[in-house]
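Chemist: show me the folded form of this:
(one chain, ligands or ions: 1)
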Amino acid sequence: MKNCIICKAIKPLDEFYKHKKMTDGHLNKCKECTKSQSKERENKLRLNPDWVEKEKERAREKYHRLNYREKHKPSPESKKKAVDRYR
Ligand SMILES: [Zn+2]
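Modeler: As a prediction, the model looks like this:
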């Protein structure tokens with residue numbers, strides 16, 4: 001059990017997001033508070049056209065990166081060849 005610093009509620013640890021840098025490996029605020037805070041932050045940021053533009057850019061870049069990985073994944077066929085060579 002852990003005390004949330006935002007809503008002051010005592011909740012089980014799995015109600016807190018894990019965080020390596022925290023002393024007990026979990027954030028000090030519960031998932032609910034984390035979510036509502038990030039939503040609030042996003043709502044504020046959405047008013048900023050620069051941020052919206054950057055977000056779009058990031059989404060596009062991510063899309064391309066993932067696509068790139070998909071293309072360069074070894075095909076089942078080439079994998080089989082590698083196994084054959086190993087034997
Ligand atoms: Zn909370």
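
Chemist: tell me if the longest strand anywhere in the chain is near the ion.
Modeler: Ranked by residue count and defined by DSSP state E, the top strand of the chain is strand 26-30. Yes: looking at strand 26-30 against the ion by Cβ under 5 Å from the ion, the contacts come from residue 30. (Glycine included, C-beta is placed from N, CA and C.)

Chemist: partners of that strand, with directions?
Modeler: strand 16-18 (antiparallel) (DSSP bridges).

Chemist: re earlier: could I get the longest strand of the chain in CSV with only the CA atoms?
Modeler: The C-alpha coordinates for strand 26-30 follow below in CSV (Å, rounded to 0.1, in the frame of the first residue of the first chain):
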residue,chain,number,x,y,z
HIS,A,26,6.8,3.4,-8.1
LEU,A,27,5.6,7.0,-8.7
ASN,A,28,4.3,9.0,-5.7
LYS,A,29,1.0,9.6,-7.4
CYS,A,30,-1.6,7.0,-8.3
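
Chemist: helices and strands around whichever strand or helix holds residue 59, which ones?
Modeler: Assigned by DSSP states H and E, residue 59 belongs to helix 49-72. Packing partners of helix 49-72 (3 or more Cβ pairs under 8 Å, 6 or more residues apart in numbering; DSSP states H and E): helix 31-46.

Chemist: which outside residues touch the helix it packs on?
Modeler: 4, 6-7, 15-17, 27, 29, 51-52 (Cβ atoms under 8 Å, 6 or more residues apart in numbering).

Chemist: cutoff 6 Å now
Modeler: Identification of contacts with helix 31-46 by Cβ atoms under 6 Å, 6 or more residues apart in numbering yields 4, 6-7, 15, 17, 51.

Chemist: picking up where we left off before, could you list the buried residues of the longest strand of the chain?
Modeler: Buried residues in strand 26-30, counted by 16 or more other Cβ atoms under 10 Å: 26-30.

Chemist: what angle do that strand and helix 31-46 make?
Modeler: Orientation check (axes from the mean of the first three to the mean of the last three Cα atoms, to 10 degrees): strand 26-30 against helix 31-46 gives 80 degrees.
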